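S.K.: Below: sequence and its predicted model.
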Amino acid sequence: MALNNNRTTRTSLVGLEDRLPALRERFWAKVDRSGECWTWTASVGLRYGRFAVRRGELVQAHRFSYLLAHGSIGEGLYVCHHCDNMVCVRPDHLFVGTPRDNTLDAVIKGRLRPTGPTSERSYHVKLTADAVRTIRFRHAAGESCQMLADAYGVTVSNIRFILTGHTWKAVVMPPAWRFQARDGERRREANATRAKRPLIRPTSADMMARPAFADRFWSYVDKDGECWEWRGRRSASGYGQTRVGDRHGQVHRVSYALTYGPVLDGLKVGQHCGNLGCVRPDHLFLSTASDMALRRNARGHGTRGRHIASSPGRSQPGERHPSAKLRAIDVVAIRAACAVGTTVRQLSAQFGVSIQTIYGIRHGRRWRCLPIEEM
């Protein structure tokens, strides 16, 4: 009996006549005939053997064995196993049948059991009807869903579905359980309204005041060079990060606070050296956001380290951009090659950029500083 839906378009050996002797020899070379079942030893997919009859066409091994023995399979029919061994390809262990025959064979052999949330015979069931009744009574007595989930090895969602009747609807509870459940709900509501001790989290200033925090912080710093380099975690922008209380803080700000005191709100901590990973205190200074922007502009670096032009806030165009991989002559060559029919994939491989970049250059969305009409 075959449990999976093994439909295939190949129902005969038509088109394989000239290659049939070689296919037959290659097929049986992959079969172990030493046991009662002849076991397929090559590729397996969805628990059934697979055999390539030609490039791009895979046939299930037991179906091909049946084709070799009988020549054809009726349209819409399955090839099933008498032995229920899914990798068996022995011809006398195989038979054909309709989908209905396949299902009946599974039911007769006990391989197909009814499924559903109320069935104890489901393959996925973890509880019994008695356990469901016990869960409902224990919850009515005051036990929480989490305690019941831990006790029975299921999830909290499963317990809630059992209690609300979304699952195990066939398990009927006595009327007295309803009154007991209401009493348990009242007790749980009363417990939830009791005053609880508030959870107090340490602030960043409290954390940095602890000696253990400073020792751990400086253990991640390499002090060998001119700049004291941070060796821990870094953000996408290049600054080091460390855990301070319940949040992450930039390490150069933490270094400044450990050395000189807290950083006032609204102020930035800059680096004279321009090294984003440097935490050396005498390389750090306090500044406002506007002063920091002016310093970056004076150094020729804009937001996130991008090179800026003489006009503030604009990035340099073309090959003067620090992220540019192409030169103007390359862009001209790309547009000329596109005009004569060279594919974008070939140009992408030739110039070492993505296909999207080639498309953008060809249509003028990229390298706008070099208009298409100038080619």
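M.R.: Now that the structure is in, tell me what you want to look at. Residues are numbered from 1 along each chain as shown.

S.K.: Mind jotting down where the strands sit in the stretch 101-250 of the chain?
M.R.: With DSSP state E, counting those that start in this stretch as the criterion, the stretch 101-250 of the chain has strands at 221-222, 229-230, 241-244, 247-250.

S.K.: nearest to Pro99, of these?
M.R.: strand 247-250 (58.1 Å; Cβ to Cβ). In short, each C-beta sits where N, CA and C put it, glycine included.

S.K.: who's in contact with that closest one?
M.R.: The contact list for strand 247-250 (Cβ atoms under 8 Å, 6 or more residues apart in numbering) reads 204, 235, 239-243, 269.

S.K.: Give me the helix or strand of the protein that scores worst on average pLDDT.
M.R.: When each helix and strand of the chain is scored by mean pLDDT, DSSP states H and E, helix 175-193 comes last, with a mean of 59.

S.K.: The helix or strand encompassing Ile361: how far from the chain's middle?
M.R.: Assigned by DSSP states H and E, Ile361 belongs to helix 355-362. A distance of 29 Å separates the centroid of the chain from that of helix 355-362, by Cα atoms, centre = their mean, to the nearest Å.

S.K.: which residues are contacting it?
M.R.: Under the criterion Cβ under 8 Å, 6+ apart, residues 326, 331, 334-335, 338, 344-345, 347-348, 351, 365-367 lie in contact with helix 355-362.

S.K.: 6 Å - rerun?
M.R.: If you take Cβ atoms under 6 Å, 6 or more residues apart in numbering as the criterion, helix 355-362 is touched by 331, 334, 338, 344, 347-348, 366-367.

S.K.: where exactly do the helices run in the stretch 51-200 of the chain?
M.R.: 61-70, 99-108, 129-140, 145-152, 156-164, 175-193 (DSSP state H, counting those that start in this stretch).

S.K.: Contacts for stretch 220-237, please.
M.R.: By Cβ under 6 Å, 6+ apart, the residues outside stretch 220-237 that reach it are 240-241, 251, 273, 275, 277-280, 304.

S.K.: Redo those residues as a markdown table? Include secondary structure, distance to Asp32 and neighbour count.
M.R.: Output for those, formatted as a markdown table (DSSP: H, G, I helix; E, B strand; the rest coil; distance: Cβ to Cβ, whole Å; neighbours: other Cβ atoms under 10 Å):
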| residue | secondary structure | distance to Asp32 | neighbour count |
| --- | --- | --- | --- |
| Gly240 | strand | 60 | 24 |
| Gln241 | strand | 58 | 16 |
| Val251 | helix | 62 | 25 |
| Cys273 | coil | 70 | 15 |
| Asn275 | coil | 66 | 18 |
| Gly277 | coil | 61 | 20 |
| Cys278 | strand | 66 | 22 |
| Val279 | coil | 66 | 30 |
| Arg280 | coil | 70 | 20 |
| Arg304 | helix | 62 | 9 |
